[in-house]
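Trainee: From the sequence below, what's the structure:
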Amino acid sequence: MKTILSLALSTALAFTIAGCSETDNNQAAESAPAAPTENTMTTNPTENNPFFAESPLYLHYPQFDKIDNTHFVPAFELGMTEHLAEIDAIANQTEPATLDNTLIPMERSGQLLNRAATVFFSMSSANTNDELENIRSEWAPKFSAHNDKIRLNSKLFERVKSLYEQRDTLELDPESYRLVEETYKDFVRAGAQLSDEDKEKLKAMNAELASLQTKFSQNVLNEVNASAVVVDSREELTGMPETNIEAAAKAAKEKEMDGRYLIALLNTSQQPPLADLEDRALRQRIMEASLARGSHGGEFDNREILTRVAKIRAERAQLMGYANHAAYGLENQTARTAEAVNERLASLAPPAVANVKREAADIQAIIDAEGGDFELASWDWDFYAEKVRMQRYDFDAAQLRPYFEMNNVLEKGVFYAAEKVYGITFKERHDLPVYQEDVRVFEVFEEDGSTLALFLMDPYARPSKRGGAWMNSYVDQSHLMDNKPVVANHLNITKPVSADEPTLLTFDEVTTMFHEFGHALHGMFSNVKYPEFSGTSVPRDFVEYPSQVNEMWSTWPEILENYAVHYQTGEAMPRELLDKVLETQKFNQGYITTEYLAASLLDQAWHQLLPEEVPTADGLLDFEAKALEDAGVALAYVPPRYRSTYFSHIIGGYSAGYYAYIWSEVLDADTVEWFKENGGLSRANGDHFRQALLSRGGAEDAMTLFRNFRGAEPNIAPLLERRGLN
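Mentor: This next block holds a predicted model:
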């Protein structure tokens with residue numbers, strides 16, 4: 001039984017380490033509804049509410065053309081009432097607990113609430129507005145309280161516990177046996193064994209956390225928009241691609257700053273324009289604006305919120321019998337313990353820092369050779385790293401963009417790879433409504449022509465969309481519910497000013513597109529009975545693994561040659577340029593690894609604190625600086641990928657879990673080696689990966705799935721080789 005909290009956290013499922021990405025316009029736009037920034041429905045929200053019944057659209061696809069902001073609250077209210085009535089009916093039975101009268105009805109319960117919350121949390125991430133944000137603030141503690149009413153229901157827990165204690169005598173199939181075990185663990189971890197007094201304390205903590213986490217995420221989005229950098233002259237933008245300059249001019253004009261330029265920020269510390277801009281003073285302004293977010297006062301300052309969240313989490317962990325929040329959070333991950341995570345991160349930091357210092361020396365040499373009278377700073381790195389790349393490989397990354405037109409990358413790259421490896425095909429649907437005009441919808445077919453899933457692609461950045469890149473599910477696959485999956489990918493690519501202009505991607509954006517589609521495949525290939533185990537319902541430090549594996553096809557020669565064609569001439573990327581793409585895979589890996597490790601170490605530093613050790617808001621920046629210093633990654637020219645005050649992952653689903661990307665990459669790199677050892681891109685390899693691992697979701701232990709696929713324990717050597725850490 002997935003909780004509403006898990007729905008909220010699932011919207012933050014998948015960011016990429018390599019950086020968030022920044023088609024032509026969707027042909028379905030003519031049938032698209034207005035974006036939900038204003039009410040478009042005139043009927044009473046309790047009448048004809050599209051959430052009150054299962055969607056009649058294909059595969060229960062959401063009725064975006066009928067959904068209005070006013071529909072959510074009535075659906076939440078009725079949905080919670082119905083859900084609690086269903087739970088009470090299960091808990092108050094007099095018959096002994098069985099799978100059929102307890103766990104299966106629990107899996108089926110709460111459908112109205114699930115439908116409404118799924119769409120709501122997706123929209124609050126992908127296309128939000130003031131009304132939705134007000135609802136989110138008001139309802140965050142209510143969702144928390146609702147979950148507590150279920151997980152802390154003593155009668156219900158007694159039935160779950162009864163099944164758990166009898167599980168070895170019930171002759172259950174393996175997935176049902178796992179459902180019994182995991183449901184029991186979920187209740188215990190939610191506080192079901194606490195005293196009544198401690199349950200009340202826990203409820204208060206959960207409610208406050210829900211409100212604080214919501215406010216933090218709202219501040220992050222608002223601060224990104226408020227911190228956009230205003231540029232007075234076009235000359236200052238020398239080096240920036242013309243399409244980006246036009247987009248900056250348009251953004252300024254929309255803010256009534258005609259004749260000026262507005263550079264929007266992404267949620268990472270580093271910002272894409274820093275690789276192009278020749279004006280060092282402007283680069284510094286952009287970087288300093290980025291790093292200051294959430295910590296320089298004002299209405300969007302997150303310091304007080306973050307320190308309060310850390311303190312409550314530490315107190316809650318101790319209430320539950322754990323040393324700290326990290327110990328609590330890691331118990332049901334593949335890492336299991338904070339000690340294991342600390343050991344892994346500590347082993348990677350020294351070689352990563354040694355590598356990045358070598359890279360910094362190369363950059364400083366370029367600066368000195370050009371007569372630059374300054375020491376390398378964080379705002380210089382990307383700009384001069386490109387010069388080093390050009391010098392070393394006679395290769396400018398900007399040369400790639402004309403060969404990475406977005407539609408080609410999606411259809412002749414991402415989709416083509418999936419067709420070759422898994423035999424699936426795609427057909428765009430123009431008859432299904434969308435929530436924003438740029439969203440595209442595809443039906444996905446098995447090799448035999450039967451429908452596998454529906455897939456939504458939402459590529460472009462906009463002020464109503466949070467930063468990063470992620471996958472979410474609108475309908476989870478489940479044989480019990482007779483549901484096929486409806487999943488979506490969301491990126492943050494800069495949209496050209498004119499509809500006639502092509503969308504040309506950076507190589508990082510290409511990688512991100514393949515990465516996120518790996519999550520989508522995990523959801524689409526799900527083949528389980530219970531919703532609890534569907535798709536990406538796996539440990540946080542395993543969920544990134546399949547998506548990282550899918551990145552391999554972005555540079556696989558047969559795939560790259562198919563999609564990397566010049567958007568004007570149609571000519572394939574020259575072989576020598578293709579070779580340079582492959583040659584430079586290890587380039588700048590010291591920086592990429594170090595900025596990621598710095599963020600991961602900050603996450604652990606916050607969540608391994610005792611309550612009394614949590615700093616005050618005023619001491620937050622000093623705490624962050626000391627944590628990086630103690631970990632050996634305090635390098636001024638390599639800021640953490642996310643500073644604490646805009647580190648959305650650790651406020652959402654990755655608290656004490658941001659290490660998951662590097663943990664998963666061990667499995668990913670080893671899996672890539674397996675593909676290479678067994679003939680690479682082939683249906684046989686794809687089918688094995690799909691059947692042994694992707695299709696099983698959380699229905700089996702994650703590491704058991706890996707061993708079933710690989711036939712061995714994971715080997716860290718391929719990761720060290722890939723990142724130049726060996």
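
Trainee: By residue count, what's the longest strand in the chain?
Mentor: strand 451-460 (DSSP state E).

Trainee: List the neighbouring strands of that strand plus their orientation.
Mentor: Strands that pair with strand 451-460, judged by DSSP bridges, come out as strand 440-445 (antiparallel), strand 486-493 (parallel).

Trainee: Show the average pLDDT along the longest one.
Mentor: When the per-residue pLDDT values of strand 486-493 are averaged, the result is 97.

Trainee: can you check the first one too?
Mentor: Averaged across strand 440-445, pLDDT comes to 98.

Trainee: Neighbours of F507, how many?
Mentor: A count of neighbours around F507, defined by other C-beta atoms under 10 Å, yields 17. Bear in mind the C-beta positions are built from the backbone N, C-alpha and C, glycine included.

Trainee: Also the one 5 residues further on?
Mentor: T512 is flanked by 30 other residues according to other C-beta under 10 Å.

Trainee: A418 too?
Mentor: Counted with other C-beta under 10 Å, the neighbours of A418 add up to 24.

Trainee: residue contacts, it?
Mentor: 424, 426, 517, 521 (C-beta atoms under 8 Å, 6 or more residues apart in numbering).

Trainee: just to revisit the earlier point, so how far is the longest strand of the chain from its chain's centroid?
Mentor: Per C-alpha atoms, centre = their mean, to the nearest Å, the displacement of strand 451-460 from the mean C-alpha position of its chain is 16 Å.

Trainee: Show residues contacting the next helix or strand after it.
Mentor: Once strand 451-460 ends, the next helix or strand along the chain (criterion: DSSP states H and E) is strand 470-475. Strand 470-475 is contacted by residues 10-15, 59-62, 118-119, 121-122, 125, 456, 483-490, 516, 519-520, 523, 534-536, 547 when judged by C-beta under 8 Å, 6+ apart.

Trainee: count of neighbours near the closest residue to Q284 other than its chain neighbours?
Mentor: Excluding its sequence neighbours, the residue lying closest to Q284 (C-beta to C-beta, 6 or more residues apart in numbering) is W379, at 4.8 Å. Counted with other C-beta under 10 Å, the neighbours of W379 add up to 24.

Trainee: My guess is W379 contacts L277. True?
Mentor: No - here W379 lies out of contact with L277, judged by C-beta atoms under 8 Å, at a distance of 9.0 Å.

Trainee: ranges for the strands of the stretch 101-250 of the chain?
Mentor: Using DSSP state E, counting those that start in this stretch, the strands assigned to the stretch 101-250 of the chain run over residues 229-231.

Trainee: which stretches of it form helices?
Mentor: With DSSP state H, counting those that start in this stretch as the definition, the stretch 101-250 of the chain shows helices at residue ranges 104-108, 111-126, 130-151, 154-166, 174-189, 196-226, 242-254.

Trainee: Can you tell me which of these is most buried?
Mentor: The highest mean neighbour count among these belongs to helix 111-126 (a mean of 23), with neighbours defined as mean count of other C-beta atoms under 10 Å.

Trainee: I'd like to know which elements it is packed against.
Mentor: In terms of contact count using 3 or more C-beta pairs under 8 Å, 6 or more residues apart in numbering; DSSP states H and E, helix 111-126 is assigned the packing partners helix 4-10, helix 72-91, helix 130-151, strand 470-475, strand 486-493.

Trainee: ok, now with 10 Å
Mentor: Where contact means 3 or more C-beta pairs under 10 Å, 6 or more residues apart in numbering; DSSP states H and E, helix 111-126 is packed against helix 4-10, helix 72-91, helix 130-151, helix 196-226, strand 451-460, strand 470-475, strand 486-493.

Trainee: Just want the angle from it to helix 130-151.
Mentor: Between the direction of helix 111-126 and that of helix 130-151, the angle (axes from the mean of the first three to the mean of the last three C-alpha atoms, to 10 degrees) works out to 140 degrees.

Trainee: Output helix 111-126 as CSV, nothing but the C-alphas.
Mentor: Extracted in CSV, the C-alpha atoms of helix 111-126 (Å, rounded to 0.1, in the frame of the first residue of the first chain):
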residue,chain,number,x,y,z
GLN,A,111,-8.0,4.7,-5.2
LEU,A,112,-9.7,8.1,-5.3
LEU,A,113,-7.1,9.7,-3.1
ASN,A,114,-4.3,8.1,-5.1
ARG,A,115,-5.7,9.4,-8.4
ALA,A,116,-6.0,12.9,-7.2
ALA,A,117,-2.7,13.0,-5.3
THR,A,118,-0.7,11.5,-8.2
VAL,A,119,-1.8,14.2,-10.6
PHE,A,120,-1.5,16.9,-7.9
PHE,A,121,2.1,16.2,-7.0
SER,A,122,3.1,15.9,-10.6
MET,A,123,1.6,19.2,-11.4
SER,A,124,3.1,20.9,-8.4
SER,A,125,6.5,19.9,-9.8
ALA,A,126,5.9,20.2,-13.5
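
Trainee: Nice, that's everything, thank you.
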